[in-house]
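Novice: One predicted model, sequence on top.
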Amino acid sequence: MGRLSLGLQLGYWGARPPEGFVALAREAENLGYDSVWTAESWGNDCFTPLAWIGAQTSRIRLGTSVAQLSARTPTACAMAALALDHLSGGRMILGLGVSGPQVVEGWYGQPYAKPLTRTREYIDIIRQVLRREDPVTSDGEFYPLPYTGPNAWGMGKPLKPITHPLRADLPIFIGAEGPKNVAQTAAIADGWLPLYYSPYRQEVYADQIAGAPEGFEIACTVMTNVNDDLAAALYPVKAMLGFYIGGMGSKKRNFHKELMARMGFEDEAEQIQELFFAGQRDEAIACVPDAFADEISLCGPRERIREKLQDWERSPVTTLLVNGDAALLRTLAELTL
């Protein structure tokens, strides 16, 4: 049975920056949490809040969960990571993800084609920057360096970063859902950020992560609600699942829906999406099976959560990323650390 570490998942902002997020990160650090994570969607970026937190903490690791590939070129992403790694004294974890076609093509104005190939190219360039052994070059399809395509001046020059990175082995994690993406993650990254994971269905990803190297980390976001009323505790999880499976993606292609189907709930996933697209959101949430919501979360009375944590400790997951107030962070620390 492995010892789980804890991380604070702050996610991305809503209409305004969340109040007290730095104080919450400092509380997590004081409680012994290993990491704190920030996200981006089509609002705030993920690096700026993380730098703000890093300036006011001293030990907790700083992760992006996730920095979207299409938001910046690989060299620009490497620059942000190496700068934050220096400023924080080597606490940076670079979590990357391709996002989905609606965001990539609708917000960033880029094609979504070949996400696995783009991820490989992106990470190869970042690792070149961090090693700083030779000028950075790439003959890849998506991020050619130097650029020689249409409208090029033909004057591009391979360059090394001026700033020497603090760590050539700055850890890179990937947010991945599909089987091929998870298998690639285990082969080329230092860690995996699954969206949903069930310790009771380890076979869903067992083959994909079987070849992961020693020290490979799996940091999984797990919604946690302490409440003696199990149905009330599960409702926010079901609401999240109803939104992601019903509406976070097109009707033709929704990666969250596909994952739920692979986890054994194909008919329910189809029904959730149909109801969501019909405008029946409450009904879509009600259709989320309690069993599925319960497997991927930590919900219910305190002692029930204590028992469920043992199941997570027997899984390959190394870190639980939790989102909540200071009281919840303290409860999880008491039960886990």
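Specialist: Received the coordinates, thanks.

Novice: and residue 68, what does it touch?
Specialist: 40, 96, 97, 98, 99, 103, 104, 108 (Cβ atoms under 8 Å, 6 or more residues apart in numbering). Every residue, glycine included, has its C-beta placed from N, CA and C.

Novice: Turn those residues into TSV, including secondary structure.
Specialist: Output for the contacts of residue 68, formatted as TSV (DSSP: H, G, I helix; E, B strand; the rest coil):
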residue	secondary structure
40	coil
96	strand
97	strand
98	coil
99	coil
103	helix
104	helix
108	coil
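
Novice: hang on, residue 14 in a strand?
Specialist: No. Note on residue 14: no strand contains this position according to three-state DSSP, which reports coil.

Novice: How much space separates it from residue 327?
Specialist: 21 Å (Cβ to Cβ, to the nearest Å).

Novice: same check, this time on residue 218
Specialist: Taking Cβ to Cβ, one finds residue 218 at 26 Å from residue 327.

Novice: Kindly report the same for residue 72.
Specialist: 36 Å.

Novice: ok, now residue 175?
Specialist: In this view, residue 175 and residue 327 are 28 Å apart by Cβ to Cβ.

Novice: So for those two, which sits in the more crowded spot?
Specialist: When neighbours are counted by other Cβ atoms under 10 Å, residue 175 and residue 327 differ, and residue 175 comes out ahead with 23 against 10.

Novice: quick one: the residue nearest to that one when sequence neighbours are not counted and residue 26, what's the gap?
Specialist: Spatial nearest neighbour of residue 175, excluding adjacent residues (Cβ to Cβ, 6 or more residues apart in numbering): residue 97 at 3.5 Å. Counting by Cβ to Cβ, the gap from residue 97 to residue 26 is 27 Å.

Novice: If you count surrounding residues, which of these two has more?
Specialist: residue 97 (24 against 18).

Novice: thought that one was touching residue 174?
Specialist: Yes. Counting by Cβ atoms under 8 Å, residue 97 touches residue 174, with 6.6 Å between them.

Novice: which neighbours do those two share?
Specialist: By Cβ under 8 Å, 6+ apart, the residues touching both residue 97 and residue 174 are 66, 193.

Novice: quick one: buried residues of stretch 75-95?
Specialist: 75, 77-85, 88, 91-95 (16 or more other Cβ atoms under 10 Å).

Novice: can you check stretch 291-305 too?
Specialist: Neighbour-count burial for stretch 291-305 [16+ other Cβ under 10 Å]: 292, 293, 294, 295, 296, 297, 298, 299, 300, 304, 305.

Novice: I'd like the residues you listed as TSV, with pLDDT, secondary structure and distance to residue 254 appended.
Specialist: Output for those, formatted as TSV (pLDDT from 0 to 100; DSSP: H, G, I helix; E, B strand; the rest coil; distance: Cβ to Cβ, whole Å):
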residue	pLDDT	secondary structure	distance to residue 254
292	94	helix	16
293	96	helix	18
294	97	helix	22
295	96	helix	20
296	96	coil	17
297	98	coil	20
298	98	strand	25
299	98	strand	24
300	98	strand	29
304	98	helix	31
305	98	helix	30
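
Novice: Residue 186: which of these is nearest?
Specialist: Distance to residue 186 across these (Cβ to Cβ) is lowest for residue 296, with 20.2 Å.

Novice: For the nearest residue to the closest one once chain neighbours are set aside, what is the enclosing helix or strand?
Specialist: Spatial nearest neighbour of residue 296, chain neighbours left out: residue 196 (4.7 Å); criterion: Cβ to Cβ, 6+ apart. Counting by DSSP states H and E, there is no helix or strand that carries residue 196.

Novice: Helices along the chain, start to end?
Specialist: Using DSSP state H, the helices of the chain run over 21-30, 47-54, 74-88, 101-106, 115-131, 179-188, 203-209, 230-247, 255-262, 266-277, 281-287, 290-295, 302-313, 326-336.

Novice: Next up, the contacts around residue 45.
Specialist: Contacts of residue 45 by Cβ under 8 Å, 6+ apart are residue 71.

Novice: and it, how far is that from residue 80?
Specialist: Distance of residue 45 to residue 80, computed by Cβ to Cβ: 9 Å.

Novice: Point out where the stretch 1-150 of the chain drops to low pLDDT.
Specialist: Counting by pLDDT under 70, the stretch 1-150 of the chain contains low-confidence residues at 1-2.
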